[in-house]
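>>> The following comprises the amino acid sequence and a computationally predicted model.
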Amino acid sequence: DETPLLARQARQESNARSYPRRIPLALKRARGIHVEDVEGRRFIDCLAGAGTLALGHNHPVVVDAIRQVLADELPLHTLDLTTPVKDRFVQDLFGVLPAEFARQAKIQFCGPTGTDAVEAALKLVRTATGRSTVLAFQGGYHGMSQGALSLMGNLKAKTPLGSLLSHGVQFLPFPYDYRCPFGLGGEKGVEVGLRYIANLLNDPEGGVQPPAAVIVEAVQGEAGAIPASDAWLRGLREITARAGIPLIIDEIQTGFARTGRMFAFEHAHIVPDVVVLSKAIGGSLPLSVVVYQDWLDKWQPGAHAGTFRGNQMAMAAGSAVIRYLQEHDLARHAEQAGEHLRERLRAVQRTHPQLGDVRGRGLMLGVEIVDPAGEPDVLGHPPVDPALASAIQHECLKRGLILELGGRHGSVVRFLPPLIIRREEIEQVADIFARAVSAALA
Ligand code: PMP
């Protein structure tokens, strides 16, 4: 039942296209949590631009902000020259960053995508420390350029490229509780994980050279909505602070109320050295920034440039999003709505052992799909079942719900709805998911 648009896309777009393979839709219109395809079918969008659409599609405050830029004939492009729109955006952003971080913070505007901010952060810490290696985490996702890919703790996307531009990235075990890399889980897993990192940094002969930074997601997104515990993040902050290593938190997916706090690192009450931001920050338009502690600002003038660092419409939309998030306390809403959805998913799990792990924070949730008949791992958990995850995704789509997969071999069904999702819409999402699981198993 392919439309001509989809057929043309398959013929003309590169083989690298990703989402259209699993979500073969041609979208015509969108509003709030819904999108409509060219055939007039309506879907609930729990992919929402991979977590970009905090306020959903075409939220009136975002649309108005963009319209105003045009109505006032503001300069649409200014390189990195300042404007009242840009100044307001920076004040709004600094206003929602924790005061202990914002007080001494500097901002660098980057190219349009998250990857650009990761690249800038890498250059920043290397310049500031004079060191070149970086510690990253297994499963981590930081972007698709060759520098950002070198930090990617998931081999699939980088294996075909051979050796990447930047060497010297070492991967550490992420505190993935359900499949704890130390076979422990819980508090013990956290404790051993931290000791492992501390030892590595304190062993002058068998450890690692002091790195330029440690980069981490407070909740791994593409790896399948895996939260790091607060205790672990606090421990990581202590270890890196003691060793004088800048801690970069990649908040590209978690930032802006997604996890139930404005920024995910706030759950752990830590102060990072560098925060990379994109996705929701531009209110659906492309924008990315790196915000960092003043002491790292060792860049020479012009050390980081790029033509498109001044998207006025994205900044205006971003300001509108930040203000709306605050005025409506959407962080709190995301926490409560996420709790509600998680409870509903756990109810499905109680009667379906194929739902191995239901996890996440706020409205960034994942369900790891497993094969209960398979050989259990050291913690007693069955192996992943990507084919079943894919079937569930397909059955959801047939019933009007867009979800994406992530995690090992695409075995985790991920929920990233717009944060404005209402209680009754959460019920709809959960109902469709429950029916899709039954259908996929039938
Ligand atoms: N970091 C994280 C945590 C992400 O989730 C993503 C995108 N999924 C990126 C970096 C890269 O952002 P972009 O795709 O906008 O380049």
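That came through fine. What you see is a predicted model; the values in this text were computed from it and never measured.

>>> Could you measure from the closest residue to I270 other than its chain neighbours over to I249?
Distance criterion C-beta to C-beta, 6 or more residues apart in numbering; nearest residue to I270, sequence neighbours excluded, is R237 at 4.2 Å. Where you see a C-beta, it was placed from the backbone N, CA and C, and this is true even at glycine. Remark: distance between R237 and I249 (C-beta to C-beta, to the nearest Å) = 10 Å.

>>> try E427
Counting by C-beta to C-beta, the gap from E427 to I249 is 33 Å.

>>> Assign a three-state SS to the residue most central in space within the chain, would you?
Centroid-nearest residue in the chain: Q253, 2.2 Å away (criterion: C-alpha atoms, centre = their mean). What DSSP: H, G, I helix; E, B strand; the rest coil gives for Q253 is coil.

>>> just to revisit the earlier point, pull the number of nearby residues for the residue nearest to I270.
R237: 20 surrounding residues under other C-beta atoms under 10 Å.

>>> For it, pull up the helix or strand it's in.
Applying DSSP states H and E as the criterion places R237 in helix 230-243.

>>> if we can go back for a sec, okay but the residue nearest to I270 is in contact with H269, surely?
No: counting by C-beta atoms under 8 Å, R237 stays clear of H269, with 9.3 Å between them.

>>> List the buried residues for stretch 253-269?
253-268 (16 or more other C-beta atoms under 10 Å).

>>> mind listing the helices for the stretch 51-200 of the chain?
For the stretch 51-200 of the chain, the helices defined by DSSP state H, counting those that start in this stretch cover 60-71, 84-96, 99-102, 114-129, 146-150, 186-201.

>>> what's the burial count for G306?
The number of residues packed near G306 is 16, by other C-beta under 10 Å.

>>> hang on, it packs against G111?
Yes: using C-beta under 8 Å, G306 is in contact with G111, at 4.7 Å.

>>> Tally up the residues packed near the closest residue to Q220 other than its chain neighbours, please.
Distances taken as C-beta to C-beta, 6+ apart put I226 closest to Q220, at 4.3 Å, once the chain neighbours are dropped. I226 has 29 neighbours, counted by other C-beta under 10 Å.

>>> Distance check, I226 against L277.
Here I226 is placed at a distance of 20 Å from L277 (C-beta to C-beta).

>>> Tell me how this protein divides into domains.
Annotated domains of the chain cover 4-58+331-441, 74-327 [automatic domain parsing].

>>> wait, which of the ones you listed is closest to the ligand?
The ligand sits nearest to domain 74-327 of all those, at 2.4 Å, using C-beta to the nearest ligand atom.

>>> Local confidence estimate at the closest residue to T78 other than its chain neighbours?
Nearest non-adjacent residue to T78, counting by C-beta to C-beta, 6+ apart: G310, 4.3 Å away. Note on G310: pLDDT of 79.

>>> try G356
98.

>>> Contacts made by the helix or strand containing it with the rest, please.
Assessed by DSSP H and E, G356 sits inside strand 355-361. For strand 355-361, the external contacting residues (C-beta atoms under 8 Å, 6 or more residues apart in numbering) are 177-178, 219, 225-227, 259-260, 264, 267, 338, 342, 345-346, 348-349, 365-370, 381-382, 384, 415, 437.
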